[in-house]
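Chemist: Predicted model, plus sequence, below.
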Amino acid sequence: MLLIQMDKYKPPPTRLFHALGDPTRAAVAARLGEGPATVSELAQPFAMALPAFLKHLRVLEAAGAIATEKHGRTRICRLRPDGFGQAEDWLAQRRLALEAQTDRLQDFLETGLDLSDGPAASGDAT
């Protein structure tokens, strides 16, 4: 049974979760959810030097969350929806597993397991 469950298990997309775990990077991803933006537009709300901000963009890009492309002297960033697919699949898998566990617990509780029938209930310690 355990081997069957392990075959179905996929490791979490840790790079994406790590990238989005930072408030700056999460805010950048949320902003890009509204549409593409230049690096300058994305950096504007943050009180940090541009090289530090570019590190955040590189982390997001390495995680597959965003794509960047250069148009002349301007770099445009956009979300990569396909980059979130692995996370979505992993979360859906975890949700199904948790729902199955809660369904089994509910079935167990509804059957009303009678603990008074066991040897411990009757005082037999043999």
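Modeler: On my side now, so go ahead.

Chemist: What separation do you get for L57 and T111?
Modeler: L57 sits at a distance of 55 Å from T111 (criterion: C-beta to C-beta, to the nearest Å). Bear in mind the C-beta positions are built from the backbone N, C-alpha and C, glycine included.

Chemist: Helix, strand, or coil at the spatially most central residue of the chain?
Modeler: Central residue of the chain (C-alpha atoms, centre = their mean): A87, 4.9 Å from the mean position. Classification of A87 using DSSP: H, G, I helix; E, B strand; the rest coil returns helix.

Chemist: which residue sits closest to it, ignoring its sequence neighbours?
Modeler: P13 (4.7 Å; C-beta to C-beta, 6 or more residues apart in numbering).

Chemist: Confirm for me that the one you found is in contact with G85.
Modeler: No. Contact criterion C-beta atoms under 8 Å: P13 and G85 do not qualify, at 9.1 Å.

Chemist: Those two: who's more crowded?
Modeler: Between P13 and G85, P13 has the larger neighbour count (other C-beta atoms under 10 Å), namely 22 against 13.

Chemist: who touches S40 in this structure?
Modeler: Residues in contact with S40 (C-beta atoms under 8 Å, 6 or more residues apart in numbering) are T74.

Chemist: from here on, count from 387
Modeler: All set: I'll call the first residue 387, so the last point we hit is now S426.

Chemist: What's the per-residue pLDDT of it here?
Modeler: S426 carries a pLDDT value of 95.

Chemist: and it, backbone torsions?
Modeler: Note on S426: backbone dihedrals following degrees, to the nearest 10 are phi -60, psi -40.

Chemist: ok, it to L440 distance?
Modeler: S426 sits at a distance of 11 Å from L440 (criterion: C-beta to C-beta).

Chemist: Also G471?
Modeler: Counting by C-beta to C-beta, the gap from G471 to L440 is 26 Å.

Chemist: do F432 as well
Modeler: Counting by C-beta to C-beta, the gap from F432 to L440 is 11 Å.
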